[in-house]
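# return a 3D structure for these sequence lines:
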Amino acid sequence: MKKNIFLTGAPSSGKTTVIKKVIEGLTFPANGFYTEEERVAGRRVGFLMRTLDGRQGYLAHQDQESDFHIRRYGVSIENIETIAVPAIAPVNRNVIILDEIGKMECFSELFKQAAVHALDSSNIVVGTITFGGDDFILGIKNRQDIEIHEVTPDNRYALPAMILKKITELIAQ
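Presented below is the predicted three-dimensional model:
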């Protein structure tokens, strides 16, 4: 059984919602981070990273000064490297939550190294990965130890239970 379980799907398909339901249902120690949209008056203005131990910061924001942009959002390399990178470091036998391996996060070489380190560890990694992607992202998708499920309206409610079951089975091995 593959120990790295990832979700992919179109924007707003429910990937992070599935990840948050997995976090809620975990009965094992975990560390990592997830991302959430920030909206003001119904309009998306940025993306927050939240760690499982309570730290948070902007991944990207429309008002963020940065040399790196995706559409109108400036990407905070500093927050990626001081919030996300330490959050996904393997700890004991913790489950690692990695939401997400995407274009914004991959502006940081340190993040890419940390993601590979997490995937190479003996820890179970549950995460999300963007559709498509550059050579790095495609390399992650082609790893032999990763399984990827596309989140769709038909499966998004069943995925958390399926992932939690797989985690339990992997830990029992």
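
# what residues does the helix or strand encompassing residue 166 touch?
If you go by DSSP states H and E, residue 166 is part of helix 159-172. If you take C-beta atoms under 8 Å, 6 or more residues apart in numbering as the criterion, helix 159-172 is touched by 1, 3, 5, 7, 18, 21-22, 25-28, 93, 95, 124, 126, 149, 151. From N, CA and C alone the C-beta is placed, and that goes for glycine too.

# the same query, at a cut-off of 6 Å, please.
Residues from elsewhere that reach helix 159-172 (C-beta atoms under 6 Å, 6 or more residues apart in numbering): 3, 5, 18, 21-22, 25, 124.

# repeat that for stretch 82-94.
Outside stretch 82-94, the residues that touch it by C-beta under 6 Å, 6+ apart are 29-33, 49, 51, 55, 57, 96, 98, 110-111, 114, 118, 121, 123.

# rerun that using 7 Å as the cut-off
Contact with stretch 82-94 is made by 29-33, 49, 51, 55, 57, 96, 98, 105, 110-111, 114-115, 118, 121, 123, as judged by C-beta atoms under 7 Å, 6 or more residues apart in numbering.

# and the longest strand along the chain, which residues are buried?
Residue-count comparison of every strand in the chain, with assignments taken from DSSP state E, identifies strand 30-40 as the longest. Neighbour counts over strand 30-40 (16 or more other C-beta atoms under 10 Å) mark 30-36 as buried.

# related to what we said a few turns ago, closest to residue 145 out of the contacts of helix 159-172?
The shortest distance between residue 145 and any of those, using C-beta to C-beta, involves residue 3 and amounts to 5.9 Å.
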